[in-house]
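Novice: curious how this folds, go ahead:
(chains A and B)
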Amino acid sequence: MRTVAMCFSVLQVPRCRIHTLASSWWESFHSLSRTSGNSSNFKLLGSNNYGLEGGHSRRWTRRPISTKTEGRNKNTLSSKTSSITHDMLDGKISANTKLSINKSEISEFQRIQYCDIQQKIAENKDLASLLTLITFDMETTGLSRENERIIEIAMQDLLGGENSTFQTLVNPERYVPNPHVHGISTHMVNRPDVPRMKDLIPILLQYVRSRQKPGGNVVLIAHNARCFDVPFLIKEFSRCSVEVPPDWLFVDTLPLARELMKLGGSKLSSKTSLQALREYYGIPLVGSAHRAMSDVYSLSLILQRMTFDLKLPVSSLVERSFTASDLIKLKKKKNSG
DNA sequence: GGCCCTCTTTAGGGCCTT
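Specialist: Below is the predicted model:
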C-alpha cells in the first residue's frame, strides 16, 4: 500500500502566492489524517449512520439528540418550530444545533452578483486564501434527477477542525428501490425523524455558511459533479423553490482523473471511478463503500493526491470551477438550440 | 446527461454518477 502523503501541489508554486493556502492545507491534511480513520468524526447535523463509521463489526447504540429549526417571523422558512430527532452513535455526537434562518436573509445572500468569481480569485491571492474547500457526496434513489430523490448527503471541510464534517440521511417520502447500491433502505429514511429536503436545505445553507471565511468563497468538490451531483442538487433545491447560492463554486474531480490517466497513469487503466482512484492511490475504505461520508473521506484524500500529481494549485481548481447558474444557462442554451 | 476517445467530427460507444 502506498503511503498517503499529506502534501498538496500548492506547495509547488511560488511561496509568495500561496503561503496562506499552504498552511491551511497542511492543517487540513493533518485533520484528514486524523478523521479518515474510524474514530474522530464530528457532525453538525447527525442522523442515522448505519454501517458507516464503525464498519460492520461495530456494535451500534443509539442516543437521540435534536436538531431544531425555529422560525422567528413571517419571513422565516419554517413558520412553526420543528424538532428533528436523530439516532446518533454513542459517544460520537454532542452537537445540538439551533438554527434560525430567514427567507429574506437567504434572498439577500442570493442577490449578490458573482459573475466573475473564478477570474477574480485566480488573479487575487488574498481572495484565494479565503477559499473554503468542501468535498461532498450524495446517495440517491437512482440516476435520474427528474425522477429520483436524494437520500443522503455528506460534506467535509478540508480545513478540518470542529464541525468540519456534515452528514445526514434525507427522507425522500418515497420507496427506495436501490438499497443494493448504498445499503440505505426505505425504512431507514422514510421516518418522521429523518429530515426531508425542504427541512434540510436551510440547515445545509447554514452549515456551508458556517464554514465560509468572512468575505471568502466556498468551493464544493465532488466526483462527476458536473453531470450528477450538481444537477441533482439544483433540481432538489428547485423543488423546494430555493436557488443554489450563486457564490457556491463547484469543481468536478472526474476531469482531473481523466487528465491523470492521459498523463500516463497507466496503473489507472481506463477506469476513473472513485473506487478505481482509491485503489490506485492505496487509500483504505472507511466505512461502507457507496455511503456518502465514506466516499467523501475517499474523495478528500484522492483530491490531494491528484492535485499533487497534476501539479495543480488551488487557483487552478478555481479556474476549473463552475456555478449552478452556469449549468442552468448551458441547459437552457442547449434546449433552445 | 455530459464528456472523451476513435474504427471520428454528417457517429457511436464507453465511462461516470445512484
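Novice: doesn't A:Ile134 belong to a strand?
Specialist: Yes: under DSSP: H, G, I helix; E, B strand; the rest coil, A:Ile134 falls within a strand.
Novice: give the burial count for it, as a bare number.
Specialist: 25 (other C-beta atoms under 10 Å). All C-beta atoms are positioned from the backbone trio N, CA, C, and that covers glycine.
Novice: same thing with the one 4 residues further on?
Specialist: The criterion is other C-beta under 10 Å. On that basis, A:Met138 has 21 neighbouring residues.
Novice: how about the residues of the stretch 1-150 of chain A that lie near DNA strand B?
Specialist: A:Asp137, A:Met138, A:Glu139, A:Thr140, A:Gly142, A:Leu143 (C-beta under 7 Å from any atom of the strand).
Novice: tell me the one of those residues nearest A:Glu279?
Specialist: Ranked by distance to A:Glu279 (C-beta to C-beta), these are led by A:Asp137 at 17.5 Å.
Novice: tell me which element that closest one is part of?
Specialist: Per DSSP states H and E, A:Asp137 falls inside strand A:132-140.
Novice: got the phi and psi for A:Leu312?
Specialist: phi -100, psi 120 (degrees, to the nearest 10).
Novice: so it makes contact with A:Thr253?
Specialist: No: with contact defined as C-beta atoms under 8 Å, A:Leu312 does not reach A:Thr253; the gap is 10.9 Å.
Novice: what's the strand holding A:Asp137 packed up against?
Specialist: In terms of contacts (3 or more C-beta pairs under 8 Å, 6 or more residues apart in numbering; DSSP states H and E), strand A:132-140 is packed against strand A:150-157, helix A:197-211, strand A:218-222, helix A:230-239, helix A:292-309.
Novice: quick one: is the shortest one near DNA strand B?
Specialist: No: under the criterion of C-beta under 7 Å from any atom of the strand, DNA strand B is not reached by strand A:218-222; the shortest gap measures 7.9 Å.
Novice: hmm, who's touching that strand?
Specialist: A:131-138, A:155, A:208, A:211-212, A:228-230, A:247-253, A:299, A:303, A:317-318, A:321 (C-beta atoms under 8 Å, 6 or more residues apart in numbering).
Novice: how does it look with 6 Å?
Specialist: If you take C-beta atoms under 6 Å, 6 or more residues apart in numbering as the criterion, strand A:218-222 is touched by A:131-136, A:208, A:212, A:229, A:248-251.
Novice: just to revisit the earlier point, between the helices and strands packed on strand A:132-140, which gets nearest to A:Leu330?
Specialist: helix A:230-239 (10.3 Å).
Novice: buried ones in the closest one, by neighbour count?
Specialist: For helix A:230-239, burial by neighbour count (16 or more other C-beta atoms under 10 Å) applies to A:Val230, A:Pro231, A:Phe232, A:Leu233, A:Ile234, A:Lys235, A:Glu236, A:Phe237.
Novice: quick one: list the elements packing against the helix or strand following that helix.
Specialist: Remark: after helix A:230-239, the chain's next helix or strand is strand A:248-252, criterion DSSP H and E. Judged by 3 or more C-beta pairs under 6 Å, 6 or more residues apart in numbering; DSSP states H and E, strand A:248-252 is in contact with strand A:218-222.
Novice: using PDB, write out every CA atom in the strand it packs on.
Specialist: Only the C-alpha atoms of strand A:218-222 are listed here, as PDB (Å, rounded to 0.1, in the frame of the first residue of the first chain):
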ATOM      1  CA  VAL A 218     -16.700  28.200  -0.900                       C
ATOM      2  CA  VAL A 219     -15.700  25.600  -3.400                       C
ATOM      3  CA  LEU A 220     -17.700  22.400  -3.300                       C
ATOM      4  CA  ILE A 221     -16.000  19.400  -4.900                       C
ATOM      5  CA  ALA A 222     -17.500  16.100  -6.000                       C
END
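Novice: just the mean pLDDT for that strand, thanks.
Specialist: For strand A:218-222, the mean pLDDT works out to 96.
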